[in-house]
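Asker: Predicted model follows, preceded by the sequence.
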Amino acid sequence: MTALVARDVSVRYPGAGALAVEGVSLAVVPGRLVAVVGPNGGGKTSLLRALLGAIEPERGQVLLEDRPIRTWPARDRAREIGFVAQREEYPFAWRVAEVVGFGRYARLPALAALGAADHAAIDRALERADVRAFRDRRIDTLSGGEWQRVRIARALAQEPKVLLLDEPTAALDIGHEMEIFELIRQLTDDGLASVVVTHDLNLAARFADTMVLMARGRTVAEGPPATVLEPRRLSGVFGWPLELAPIDGSPQVVALRQPRAAPGGS
Amino acid sequence: MKFAALAAGAVAAMILGLAVGATALTPADLLAGLLDPGGRAGIIVWDLRLPRVLLAFLVGGSLGVSGAALQALVRNPLAEPYLLGISGGAGLGAVAAIALGLTGLAAIPLAAFAGAVASAAVVYGVAAVQGSRLEPRVLVLVGVVVAAFCGAITTALLTMSEAAQLRNAFLWLMGGFGAASWPAVAVFSGYAVLPLGALLGGARALDLLSLGDEPAHALGLETESAKRLVFVATALLTAASVAVSGMIGFVGLVAPHAIRGWLGPLHRRLLPAVFVASGSLLMLADALARTVMRPAELPIGAITALIGVPLFAFLVRRSLA
């Protein structure tokens, strides 16, 4: 059963000439991890925004459980889709458990305080994302990797069916990158329908079930990593010679050095 | 425990506010006055000081809550209700009423209120021109510009005024509770209930708004309507505060900042505490205004600015460090 689906979606920002996303289709299914990859400015984040219902597509449709995403009331949608944005900076120094508690707001009646069920869900989310040990820490004392896990915990506290992540490992070291992707993979195996936008082709190749390669707003290739990652295609899309070297049975992308000196270097 | 401490502080500030002034009351006088409203001390306590102290508390609390809400809206702990351009419009309205010789009991507050609401509407209209999306940073910049424009007209009006009008207008602009009365207390509290209730009831929306548009939307908030509601509520609260007591700056900055450090930034806890704390602060500032140059009164806006500006500078420095 498909949780979230994009059908021939095109997105244009107000005042922009070119389409940010052009005719992209995508199905997000429980237990499956979709990785959206591609060069900077290729439309990955815009596609994610359309999937989240944050922007109205110019053409096409995004359907959440067969209903257009933009017709969902915000609170109802937030119980279905958890989202971790690329970067978030808060002006105030909340505690970790408070931030994770924000994930419950969509489930609270107007003036009610967090109840026992909410606290239980917050504890489960903290546990799941392995951030329980610092539930009472102020967020301005967290490292980059800890902060990412706290934000994933907040999305889990929403108890969503779909999880959307925009560059969850940007600016993280290799150990923390693996930690985040292992977590996303486990959560997906436990039944979440997940989409992760990432620059890291190699992590995407090792963890995703499906890769969507986007460039200039269009889908260039879509399918299992082994079929999408094709050296000639990748070299064309990224404008740089790339080769493949398999590890653990999945293709890993290696960028080659340019043979000649940089122009203008003399 | 912390709330009990705040409440005790408020009671202490209130007792001090009842005791000090042109005629200082001993604790015995104060008690006698409270028990016997008809006596000499009773008249001072019940007719003059109690409405004044209560109005200072309510206005201070409203400015504090407006400040805290606005700081969440523009996602900056250094924001202040007066940044919305409301003070400039209120000042212009009041000075225009004084210059036109409108002297009825409620003429100046009503004119100030009208000016405040009008300038807030202009700020909103200019800032929200791109579709219906409200960009908080633009809001603040437009507020400053509109305030400057109102200030220019106010200056022109003052230049054309006679000396007595000039003094009245000047004192009004600097703020004070000298004209406080029971009807003013009643009107203000009846009026402030609605916007205060909207902000207190919207405490969770303020939590989410302070995270930014994208996370707030993803967590289930209708961000644009929430932002509009917060803007309208803070504008109405500030407008009413300026109308009854003139321009009193920095209360909406200092109390939220201090309380956030003490109780944390969760608005459900923050807002009620800020109301009590900033109400207490303004009662103290008013007591100070009545005593430092006794029997003359210093405008309360001067006192809050004298304390608030260095504190603001300190907070800015610390936030940059």
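Answerer: Arrived safely. Numbering: from 1, shown residues only, chains lettered A, B, ... in the order given.

Asker: Give me the below-cutoff pLDDT ranges for the stretch 201-321 of chain B.
Answerer: Applying pLDDT under 70 to the stretch 201-321 of chain B flags residues B:319-321.

Asker: same thing but at 80, please
Answerer: Of all residues in the stretch 201-321 of chain B, those with pLDDT under 80 make up the ranges B:295, B:312, B:315-316, B:318-321.

Asker: Over to chain A?
Answerer: In chain A, residues with pLDDT under 80: A:1-2, A:110, A:259-266.

Asker: Residues of it that sit close to chain B?
Answerer: Counting by CB under 8 Å from any CB of the partner chain, chain A comes close to chain B at A:14, A:52, A:54, A:73-79, A:81-83, A:85, A:88-95, A:98, A:102-103, A:105-106, A:108, A:110-111, A:113, A:154-155, A:158. Every residue, glycine included, has its C-beta placed from N, CA and C.

Asker: Return the members of those residues classed as buried.
Answerer: Among the residues of chain A next to chain B, the ones that count as buried by 16 or more other CB atoms under 10 Å in any protein chain shown are A:52, A:54, A:74, A:77-79, A:81-83, A:85, A:88, A:91-95, A:98, A:102-103, A:105-106, A:108, A:154-155, A:158.

Asker: before we move on, the earlier item: and the residues of chain A next to chain B, which of them are in helices?
Answerer: Among the residues of chain A next to chain B, the members found in helices (DSSP state H) are A:52, A:74, A:75, A:76, A:77, A:78, A:79, A:98, A:154, A:155.

Asker: Nearest to chain B among those?
Answerer: residue A:78 (3.0 Å; CB to the nearest CB).

Asker: got a list of what that closest one touches?
Answerer: Taking CB atoms under 8 Å, 6 or more residues apart in numbering or on different chains, we find residue A:78 in contact with A:105, A:106, A:158, A:160, B:218, B:219, B:220.

Asker: Count the residues that sit near residue 68.
Answerer: Unless you meant another one, I'm taking chain A. Neighbour count of residue A:68, defined by other CB atoms under 10 Å in any protein chain shown: 13.

Asker: that answer is for a different chain, and I need it for chain B
Answerer: Here the number of neighbours of residue B:68 (other CB under 10 Å) works out to 32.

Asker: again with residue B:258
Answerer: Neighbour count for residue B:258, taken as other CB under 10 Å: 17.

Asker: Which elements pack onto the helix or strand hosting it?
Answerer: Assigned by DSSP states H and E, residue B:258 belongs to helix B:251-263. If you count contacts as 3 or more CB pairs under 8 Å, 6 or more residues apart in numbering or on different chains; DSSP states H and E, helix B:251-263 packs onto helix B:50-73, helix B:267-291, helix B:300-320.

Asker: which is the next helix or strand following the first one?
Answerer: Of the helices and strands lying after helix B:50-73 in sequence (DSSP H and E), the nearest is helix B:86-99.

Asker: Show me what the mean pLDDT comes to for that following helix.
Answerer: Confidence for helix B:86-99, expressed as mean pLDDT, is 87.

Asker: Any buried residues in the helix or strand following it, and which?
Answerer: Counting by DSSP H and E, the next helix or strand C-terminal to helix B:86-99 is helix B:107-127. Within helix B:107-127, the residues that count as buried by 16+ other CB under 10 Å are B:108-120, B:122-124, B:126-127.

Asker: wait, what's in contact with residue B:139?
Answerer: Residues in contact with residue B:139 (CB under 8 Å, 6+ apart) are B:73, B:74, B:84, B:123, B:124, B:127, B:231.

Asker: Not counting its neighbours along the chain, what's nearest the fourth one?
Answerer: If the residues on either side of it in the chain are set aside, residue B:123 comes closest to residue B:85, at 4.6 Å by CB to CB, 6 or more residues apart in numbering or on different chains.

Asker: so that neighbour makes contact with residue B:119?
Answerer: Yes: between residue B:85 and residue B:119 a contact is recorded at 5.0 Å, counting by CB atoms under 8 Å.

Asker: need the longest helix for chain A.
Answerer: Per DSSP H, chain A has its longest helix at helix A:174-189.

Asker: excluding its backbone neighbours, what's nearest the residue of the stretch 101-250 of chain A found nearest chain B?
Answerer: Going by CB to the nearest CB, chain B is nearest to residue A:106 of the stretch 101-250 of chain A, at 3.1 Å. Distances taken as CB to CB, 6+ apart place residue B:220 nearest to residue A:106, at 3.1 Å, with adjacent residues excluded.

Asker: Cross-check the contact I'm expecting between that neighbour and residue A:77.
Answerer: Yes: judged on CB under 8 Å, residue B:220 makes contact with residue A:77 at a distance of 7.0 Å.

Asker: one step back: neighbours around the residue nearest to residue A:106, how many?
Answerer: Using other CB under 10 Å: residue B:220 sits among 24 other residues.

Asker: residues in contact with residue 72?
Answerer: Here I'm looking at chain A. Shown in contact with residue A:72 (CB under 8 Å, 6+ apart): A:53, A:64, A:80.

Asker: should've been chain B
Answerer: Contacts of residue B:72 (CB under 8 Å, 6+ apart): B:206, B:207, B:209, B:210, B:230, B:267.

Asker: Kindly report the same for residue B:282.
Answerer: Residues in contact with residue B:282 (CB under 8 Å, 6+ apart) are B:56, B:57, B:59, B:60, B:61, B:63, B:248, B:251, B:300, B:304.

Asker: Now do residue B:115 against residue B:242, distance only.
Answerer: Per CB to CB, to the nearest Å, residue B:115 is found 9 Å from residue B:242.

Asker: Give the residues shared as contacts by the two.
Answerer: Common neighbours of residue B:115 and residue B:242 (CB under 8 Å, 6+ apart) are B:90, B:91.

Asker: Enumerate the residues of the stretch 151-300 of chain B near chain A.
Answerer: Residues of the stretch 151-300 of chain B lying close to chain A by CB under 8 Å from any CB are B:201, B:204, B:207-208, B:210-212, B:214-215, B:217-222, B:260, B:264-266, B:268.

Asker: Would you map the helices across the stretch 101-250 of chain B?
Answerer: All helices of the stretch 101-250 of chain B, identified by DSSP state H, counting those that start in this stretch, fall at B:107-127, B:136-159, B:163-174, B:182-201, B:203-209, B:213-218, B:223-245.

Asker: Can I get the ones you listed in CSV including distance to residue A:241?
Answerer: Output for the helices of the stretch 101-250 of chain B, formatted as CSV (distance: least, CB to CB, whole Å):
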stretch, distance to residue A:241
helix B:107-127, 49
helix B:136-159, 43
helix B:163-174, 70
helix B:182-201, 59
helix B:203-209, 46
helix B:213-218, 36
helix B:223-245, 44
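
Asker: Between those, which one is closest to residue A:125.
Answerer: helix B:213-218 (15.0 Å; CB to CB).

Asker: Tabulate the contacts of residue A:72 (JSON lines), appending neighbour count and distance to residue B:43.
Answerer: Output for the contacts of residue A:72, formatted as JSON lines (neighbours: other CB atoms under 10 Å in any protein chain shown; distance: CB to CB, whole Å):
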{"residue": "A:53", "neighbour count": "22", "distance to residue B:43": "64"}
{"residue": "A:64", "neighbour count": "24", "distance to residue B:43": "68"}
{"residue": "A:80", "neighbour count": "19", "distance to residue B:43": "65"}
